[in-house]
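In: Following is a predicted model, sequence given first.
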Amino acid sequence: KSHPEWHNKKVVVTAGPTQEVIDPVRFLSNRSSGKMGFSLAAEAAARGADVTLVAGPVSLPTPHGVKRMDVVSAEEMYQIVMAQTSHADLIIKAAAVADYRPAETSEKKMKKSNDPLEIKMERTKDILMELGQRKEKTVLVGFAAESNNIKEYALQKLAKKNADVICANSVIEAGHGFQGDTNALTLFFKNGTSADIPLTSKADASRKILDAIAPLMEGVK
Ligand code: PMT
């Protein structure tokens, strides 16, 4: 199927985890593989969009026709994404960004002792929230990875972060969310409607997500 309406649309997709450094050998991260974001980037590029993929540390090949920018930390992802926003038609935030990072990074490897270790953590910047605050024409799509109360938490994120769509997925059901090649999602739209995408491949879910977003974008139907 051809999608001339996506041609030259500027799309920014974020994918993968971030890593927050503790010392030269240790970091805090999460289980995101990047597969969901990479398949969304691949699908948008296949439709003719001009796609920038901001990727955390993952071991995935760059999808055909996609411009990839690699980052490590939440702060780096913030800087790169913010620099892209003003000319983006669509931003999809599939990355699992760390919410906290060590307040201090040790330049030397931390030595162990028999005492319990406490690492003080500070909040990272909430990229989606700031995109929502600055938003003018850009269509903003966030994800919500939840273990419980999926609908309630997704609706809270939709409102609080001023997103147009939140794609909610479970992170405890088999075959959903992190790491695998499949996912099941519920999309919550600003106008109060929602749409279910039953368990399917991440590639197929990406087609369905872009089909669902298309009517929100100017010139894309
Ligand atoms: O990468 P895979 O292995 O394929 O797994 C896919 C996925 C489960 C990671 C993906 O489908 C997903 O749900 N991504 C979002 C994970 C997440 O961090 O959810 P959250 O509910 O903690 O965050 C909500 C939204 O805010 C997300 O769009 C996130 O990108 C964004 N966020 C969060 C924190 C932060 N500091 N800045 C942000 O922009």
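Out: Nice, thanks for sending it over. Just so it is clear, the structure is predicted and the values come from calculations on it, not from any experiment.

In: near the ligand at all, stretch 87-96?
Out: Yes. Counting by Cβ under 6 Å from any ligand atom, the ligand is contacted by stretch 87-96 at 93-96. C-beta here means a position set from N, CA and C on the backbone, and glycine is covered the same way.

In: tell me how far the ends of that stretch are from each other?
Out: 23 Å (Cα to Cα, to the nearest Å).

In: cool, and stretch 207-218?
Out: Stretch 207-218: ends 18 Å apart by Cα to Cα.

In: check contacts around the residue positioned nearest the centre of the chain.
Out: In the chain, the C-alpha nearest the mean C-alpha coordinate belongs to Ala94, at 1.9 Å (Cα atoms, centre = their mean). Ala94 makes contacts with 13-15, 36-37, 40, 143, 167, as judged by Cβ atoms under 8 Å, 6 or more residues apart in numbering.

In: residues from this structure in reach of the ligand?
Out: Residues of the chain lying near the ligand (Cβ under 6 Å from any ligand atom): 16, 32-36, 74, 93-97, 99, 124, 126-128, 142-145, 157, 169, 177-179.

In: Could you identify the buried members of the residues you listed?
Out: Neighbour counting by 16 or more other Cβ atoms under 10 Å classes 16, 32-36, 74, 93-97, 124, 126-128, 142-145, 157, 169, 177-178 among the residues of the chain next to the ligand as buried.

In: If we go by neighbour counts, what in stretch 199-209 is buried?
Out: Neighbour-count burial for stretch 199-209 flags 200, 202-203, 205-209 (criterion: 16+ other Cβ under 10 Å).

In: just checking, which of those residues belong to helices?
Out: 202-203, 205-209 (DSSP state H).

In: Assess the claim that Asp23 and Lys111 are in contact.
Out: No. Counting by Cβ atoms under 8 Å, Lys111 is not a contact partner of Asp23; they are 9.8 Å apart.

In: And the two? Which one has more around it.
Out: Asp23 (15 against 7; other Cβ atoms under 10 Å).

In: For the residue nearest to that one when sequence neighbours are not counted, what are phi and psi?
Out: The shortest distance from Asp23 to any non-neighbouring residue, by Cβ to Cβ, 6 or more residues apart in numbering, is to Ser106 (4.1 Å). The phi/psi pair for Ser106 (degrees, to the nearest 10) reads phi -90, psi 130.
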